[in-house]
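In: predicted coordinates and the sequence they were generated for:
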Amino acid sequence: EPEVTQTPSHQVTQMGQEVILRCVPISNHLYFYWYRQILGQKVEFLVSFYNNEISEKSEIFDDQFSVERPDGSNFTLKIRSTKLEDSAMYFCASSEVDSLRDTQYFGPGTRLTVL
Amino acid sequence: GQQLNQSPQSMFIQEGEDVSMNCTSSSIFNTWLWYKQDPGEGPVLLIALYKAGELTSNGRLTAQFGITRKDSFLNISASIPSDVGIYFCAGAYTDSWGKLQFGAGTQVVVTP
C-alpha cells in the first residue's frame, strides 16, 4: 500500500541552525501538508501546498519557515534559524484530489530536537 | 476562535469491552476524520466521514458524522490489546484548503 515517507526520522540541531525536513508524498497525490506535534500536545497545522504554491498557512508558519517541491517526488520544510521551541515531531501529509483534499495520509514523522 | 473538544481524555478498559469517544466543534465541519497514533509514529487514518448523518464502519470501528455537522463519535467494539494508542478526531471547515484541526486525543489502554 502506498505511503508517505519522511527523512530523517530524527534530527538534532543547534539553535540558530537551518534544517530541512524531507517528505515523499504518495505518488498520485496533489495536495501536500506539514503539521507539527509538540510532545504531549495535539497535532497542529502548519501549511498546505498545491500546484507549487502555498494554499494556506497558520500563524505558526512565520518567515522562518518555507516549503518547496524541488522535483516531482519530494516536498521539503525548511526552518531557517531554529529556536528551542521548534523542537517537535513534524509530520508531512498528502491527499489525492480536490474533493478528497481533507482526507490526508500522514508520514511517520521527523523528530526535531533543537539544543 | 474555533474550538474542538475531544472526550474522554483517557480510557482504561478490559479486553472485550466496547469503547466510545466523541468530538464536538464550535463550528460546522465539512469532513470528520478519525486517526490512531502509536508512540513515536504518525497518525494513521481509520475512518473518513463526508456527509452529515453518515455512519461508516471499518472492521470493529464505527464512526458517525453528526447531523448538526458539529460532532462525531468513534466506537470500537470488542477491544483487543492492539487497540492501545491515542485516537484523534480531526475536522476540516469549508474552504479550509485541507487545514485539519485536531482534537486533543483519547488515550486508550486495554488490559487483558
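Out: Nice, thanks for sending it over.

In: where in chain B is pLDDT low?
Out: Scanning chain B with the threshold set as pLDDT under 70 gives B:1-2, B:95, B:97.

In: do that again at 90, thanks
Out: Per-residue confidence for chain B (pLDDT under 90) gives these ranges: B:1-4, B:27, B:30, B:39-41, B:92-99, B:111-112.

In: same check, this time on chain A
Out: Across chain A, the ranges flagged by pLDDT under 90 are A:1-2, A:28, A:40-41, A:70-73, A:96-103.

In: residues from it in reach of chain B?
Out: If contacts are counted using C-beta under 8 Å from any C-beta of the partner chain, the residues of chain A sitting beside chain B are A:4, A:6, A:31, A:33, A:35, A:41-45, A:48, A:50, A:55-56, A:58, A:91, A:95, A:101-109, A:111. C-beta: built from backbone N, CA, C; applies to glycine.

In: of those, buried ones?
Out: In terms of neighbour count (16 or more other C-beta atoms under 10 Å in any protein chain shown), the buried residues within the residues of chain A next to chain B are A:4, A:6, A:31, A:33, A:35, A:42-45, A:48, A:50, A:55-56, A:58, A:91, A:95, A:101-109, A:111.

In: sheet partners, orientation included, of the helix or strand hosting B:Gln64?
Out: Assessed by DSSP states H and E, B:Gln64 sits inside strand B:61-65. Partner strands for strand B:61-65, per DSSP bridges, with pairing direction: strand B:55-58 (antiparallel), strand B:71-76 (antiparallel).

In: for the last one, which positions count as buried?
Out: Okay, so that is strand B:71-76. Going by neighbour count (16+ other C-beta under 10 Å), the buried part of strand B:71-76 is B:Asp71, B:Ser72, B:Phe73, B:Leu74, B:Ile76.

In: chain center to that strand, what's the gap?
Out: Strand B:71-76 has its average C-alpha position 6 Å from the chain's average C-alpha position, going by C-alpha atoms, centre = their mean, to the nearest Å.
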